[in-house]
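# Pasting a predicted model and its sequence here:
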Amino acid sequence: MTTLLKSFSALSDEVRFAIVEQLMAEGELPAGDLAPGAGISAPAISRHLKVLREAGLVDQRAEGTKRLYSVAPEGLRLIVDWTISKREFWEASLDRLGALIEKERTWPT
């Protein structure tokens, strides 16, 4: 599986998506501080973090006995680059939609 597919697959889970969002908002955190309100066990969080690490979306570093997690910018960059590469498709689609809406406005009622 390509790195981009692994990234999308990892982010398709709502818990993993929430973990990445939390790390983006709050910065580096220990596993125990991730998704505390989600009612997820520590082993489940660890499994989600493993998937995110393997997809290249999260980095882990050790500080004593703690494991700290942060977003891996290069992993998110792949998603950004792919999205930007599809810009022409989105712009053309929005242009067609705009033309259709304008045409409907001018149709007699």
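Thanks, I have it.
# Now the helix-or-strand element of the chain with minimal mean pLDDT: buried residues?
Least confident helix or strand, the chain: helix 87-106 with a mean of 84, by mean pLDDT, DSSP states H and E. By neighbour count with 16 or more other C-beta atoms under 10 Å, helix 87-106 contains no buried residues. Glycine gets a C-beta too; all of them are placed from N, C-alpha and C.
# Only alpha carbons, please: show that helix as CSV.
Taking C-alpha atoms only, helix 87-106 is exported to CSV below (Å, rounded to 0.1, in the frame of the first residue of the first chain):
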residue,chain,number,x,y,z
ARG,A,87,-7.1,21.7,-7.7
GLU,A,88,-7.9,21.9,-11.4
PHE,A,89,-10.6,19.2,-11.0
TRP,A,90,-12.3,21.0,-8.1
GLU,A,91,-12.2,24.4,-9.8
ALA,A,92,-13.7,23.0,-13.0
SER,A,93,-16.4,21.2,-11.0
LEU,A,94,-17.2,24.4,-9.1
ASP,A,95,-17.3,26.4,-12.3
ARG,A,96,-19.8,23.9,-13.8
LEU,A,97,-21.9,24.1,-10.7
GLY,A,98,-21.8,28.0,-10.7
ALA,A,99,-22.9,28.0,-14.4
LEU,A,100,-25.8,25.6,-13.6
ILE,A,101,-27.0,27.8,-10.7
GLU,A,102,-26.8,30.9,-12.8
LYS,A,103,-28.8,29.2,-15.6
GLU,A,104,-31.5,28.2,-13.1
ARG,A,105,-31.8,31.8,-11.9
THR,A,106,-32.5,33.0,-15.4
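# Tell me who's in contact with Gly56.
Gly56 is in contact with Thr3, Lys6, Ser7, Ala72, Glu74, Gly75, Leu78, counting by C-beta atoms under 8 Å, 6 or more residues apart in numbering.
# let's see 10 Å
Thr3, Leu4, Lys6, Ser7, Ala10, Ala72, Glu74, Gly75, Leu76, Arg77, Leu78 (C-beta atoms under 10 Å, 6 or more residues apart in numbering).
# The second one reaches Leu76, doesn't it?
No. Proximity of Leu4 to Leu76 does not meet the contact threshold set by C-beta atoms under 10 Å, at 11.3 Å.
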